[in-house]
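Chemist: Okay, predicted coordinates and the sequence, questions at the end:
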Amino acid sequence: MKKLALVLSMMMGLAPAVASAQAMPDVTMFKMMLEGNKQSGWVSFREYDGHQYVYFTPLVTLRCRLKEIRYSINSDDLGERFETVPCIPALPFALPSDAPWDATLLRLAPATAKAVTVQVVFDDDTESEIVTFAPCEGVGDLTCAQVVQ
């Protein structure tokens, strides 16, 4: 009977989340993931509910092999640091269940960020390229970013 209840709850999407431990991938994998996410945005933008949100989600999921996330808004000086929640080595891409609501984003006044410039430093002290992202035009309140050439 318990098995039937579990199968039914899974079919209805009610099964509890199950995590399994994994080994921490090599920094090379994190670098490939960063490069693979560049065109869709290391950061993304959203205008919603009277605020502009700048999401660092792709970078936050890589935080276990990042030493630092440098950024700047509307300039290229990289004078700011985006602080991340602690890494969970057994689940390197997961956020802690007690992560605060702003663990992946900045909340700004509407239309504040015309561009965000980003660079990361990996735990092996290598630095990524410096990339600038801008909000997409005409997407309403959808989340989007484009690389500024």
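Modeler: Here it is on my side, so go on.

Chemist: Out of the helices and strands in the protein, which is least certain?
Modeler: helix 2-11 (a mean of 42; mean pLDDT, DSSP states H and E).

Chemist: and the one residue sitting closest to the centre of the chain, how far is that from G138?
Modeler: Using C-alpha atoms, centre = their mean, the residue of the chain that lies closest to the mean C-alpha position is T57, 1.4 Å off. Applying C-beta to C-beta, to the nearest Å, the value for T57 to G138 is 22 Å. For the C-beta atoms, the positions are set from N, CA and C on the backbone; glycine is no exception.

Chemist: Leaving out sequence neighbours, find the closest residue to T112.
Modeler: Leaving out its chain neighbours, the residue that sits closest to T112 by C-beta to C-beta, 6 or more residues apart in numbering is Q52, at 5.4 Å.

Chemist: S44 is in contact with that neighbour, correct?
Modeler: No: with contact defined as C-beta atoms under 8 Å, Q52 does not count as touching S44 (11.2 Å).

Chemist: Look at these two and report which has more neighbours.
Modeler: S44 (22 against 17; other C-beta atoms under 10 Å).

Chemist: List the contacts of the closest residue to the more buried one other than its chain neighbours.
Modeler: Spatial nearest neighbour of S44, chain neighbours left out: A145 (4.2 Å); criterion: C-beta to C-beta, 6+ apart. By C-beta atoms under 8 Å, 6 or more residues apart in numbering, the contact list for A145 reads 40-45, 133-136.

Chemist: Adding pLDDT, write the residues you listed out as a markdown table.
Modeler: Shown next, in a markdown table, are those (pLDDT from 0 to 100):
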| residue | pLDDT |
| --- | --- |
| S40 | 92 |
| G41 | 94 |
| W42 | 97 |
| V43 | 97 |
| S44 | 96 |
| F45 | 97 |
| F133 | 97 |
| A134 | 97 |
| P135 | 96 |
| C136 | 95 |
